[in-house]
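Chemist: structure for this input, please:
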Amino acid sequence: MSGSASIRLVLADVDGTLVTGEKVLTDEAIAAVHALNESGIAFAITSGRPPRGMEMFLKPLDLRTPISGFNGGVIVNPDMSVVETHVLSEEAARAAIEIMMGQDLDIWLYTADQWLVRDVAAPHVAREAWTVKFEPQVVAAFAASHLANAVKVVGVSDNHDAVESAENVAQRDLGERAAAARSQPYYLDITHPKANKGGVVDRLSEMLGIERENIATIGDMPNDVLMFQRSGVSIAMGNASDAVKARATCVTDSNENQGFARAMRRFVLRAGDAGARRTGT
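Modeler: Numbering: from 1, shown residues only. Below is the predicted model of the structure:
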């Protein structure tokens, strides 16, 4: 693609991309999004977070596009009204839990409006609550009603090898019944097969009337590769793995060194920035 006019929409991952490791939205990132708006380029976000866990970005970024939570499992308007929801089958949700238990992962379950955990003191629960700005509901076990309304099942562990192993088993055993991908080294997300970031690109293309080749995507994790594959320009963060970087058309700096803002200037707004580069250059 040549010329910034060819990009009409930027779709960004949130954690590890738009915000720092401390979940801070920097002034530079805010300014970059405002510059996109002023240039007539739409900006949208997608994340494994629930939609309400992205509500804090509405005002500073002046978001005007649909917000894709749960990797596209629930899409909402900026006023938080629901556009569409993709719920896992009860059988797939139950199978996902069994796979995670087999790898000794802690398990979280999300419905469209609930975050359910079995142990509030388990790893990453407190941090996640601080990040998304709401508390989970603690349950002794996941009931059939929870499984029947599951939008996302998350396996959590600081044993990253176990999370990767669970991802491989889930992708093999769940097949077309669900999408399975790590959103962080310690999180394995299981969602409806249509709820993946590649599907988000397709859905936003339809909803906004923008061809996929006119969409730029930016992210840092393996689940972002799916949206890389569906967009005209793809940008990997500097903190991404080499495998993720190899699947992108461009590489920028890390999320700790203004990688998002630099990528917008270099690859979308074309203002130039030495902190971002084309893959292989």
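
Chemist: where does the stretch 1-150 of the chain have low pLDDT?
Modeler: Residue ranges of the stretch 1-150 of the chain with pLDDT under 70: 1-5.

Chemist: what ranges do the helices span in it?
Modeler: 27-38, 58-61, 90-102, 125-132, 144-148 (DSSP state H, counting those that start in this stretch).

Chemist: figure out which of the ones you listed is closest to Asp253.
Modeler: helix 27-38 (11.1 Å; CB to CB). Placement of C-beta: from N, CA and C, glycine included.

Chemist: chain neighbours aside, what residue packs nearest to Glu260?
Modeler: Slight slip there: residue 260 is Phe, not Glu. Nearest non-adjacent residue to Phe260, counting by CB to CB, 6 or more residues apart in numbering: Ala29, 5.1 Å away.

Chemist: neighbours around that neighbour, how many?
Modeler: By other CB atoms under 10 Å, 24 other residues sit near Ala29.

Chemist: thought Ala216 was touching Ser6?
Modeler: No. Here Ala216 does not reach Ser6: they are 9.2 Å apart, not a contact under CB atoms under 8 Å.

Chemist: the two: which is more packed in?
Modeler: Taking other CB under 10 Å, Ala216 and Ser6 do not tie; Ala216 has more neighbours (26 against 14).

Chemist: confirm that one sits in a helix?
Modeler: No. If the criterion is DSSP: H, G, I helix; E, B strand; the rest coil, then Ala216 is strand and not within a helix.

Chemist: so which of the helices of the stretch 1-150 of the chain is the most surrounded?
Modeler: Comparing the helices of the stretch 1-150 of the chain by mean neighbour count (mean count of other CB atoms under 10 Å), helix 90-102 ranks first with a mean of 19.

Chemist: how much space between the residue nearest to Gln258 when sequence neighbours are not counted and Glu22?
Modeler: Nearest residue to Gln258, sequence neighbours excluded (CB to CB, 6+ apart): Glu28, at 5.0 Å. Counting by CB to CB, to the nearest Å, the gap from Glu28 to Glu22 is 15 Å.

Chemist: again with Glu256
Modeler: The value you get for Glu256 to Glu22, if CB to CB is used, is 9 Å.

Chemist: then Ala148?
Modeler: In terms of CB to CB, Ala148 sits 37 Å off from Glu22.

Chemist: pretty sure the residue nearest to Gln258 is touching Gly259, no?
Modeler: No. Between Glu28 and Gly259 there is no contact under CB under 8 Å: 10.1 Å.

Chemist: got any residues that touch both of those two?
Modeler: Here Glu28 and Gly259 have no joint contacts, going by CB atoms under 8 Å, 6 or more residues apart in numbering.

Chemist: give the buried residues for the top helix by length along the chain.
Modeler: Determined from DSSP state H, the single longest helix within the chain is helix 160-174. Residues of helix 160-174 classed as buried: 162-163, 165-167, 169-170, 174 (neighbour count, 16 or more other CB atoms under 10 Å).

Chemist: which one of those sits closest to Asp242?
Modeler: Relative to Asp242, the closest of the buried residues of helix 160-174 is Glu167; by CB to CB it sits at 17.8 Å.

Chemist: isn't that closest one right next to Arg182, touching?
Modeler: Yes. If you go by CB under 8 Å, Glu167 and Arg182 touch, sitting 5.5 Å apart.

Chemist: now Lys133: how far from Ser145?
Modeler: As for Lys133, its distance to Ser145 is 26 Å (criterion: CB to CB).

Chemist: same thing with Lys59?
Modeler: On the measure of CB to CB, Lys59 and Ser145 end up 35 Å apart.

Chemist: can you pull the contacts of the residue nearest to Thr249 when sequence neighbours are not counted?
Modeler: Of all residues not flanking Thr249 in the chain, Ser234 sits nearest, at 5.1 Å (CB to CB, 6+ apart). Shown in contact with Ser234 (CB under 8 Å, 6+ apart): 216-218, 227-228, 247-250.
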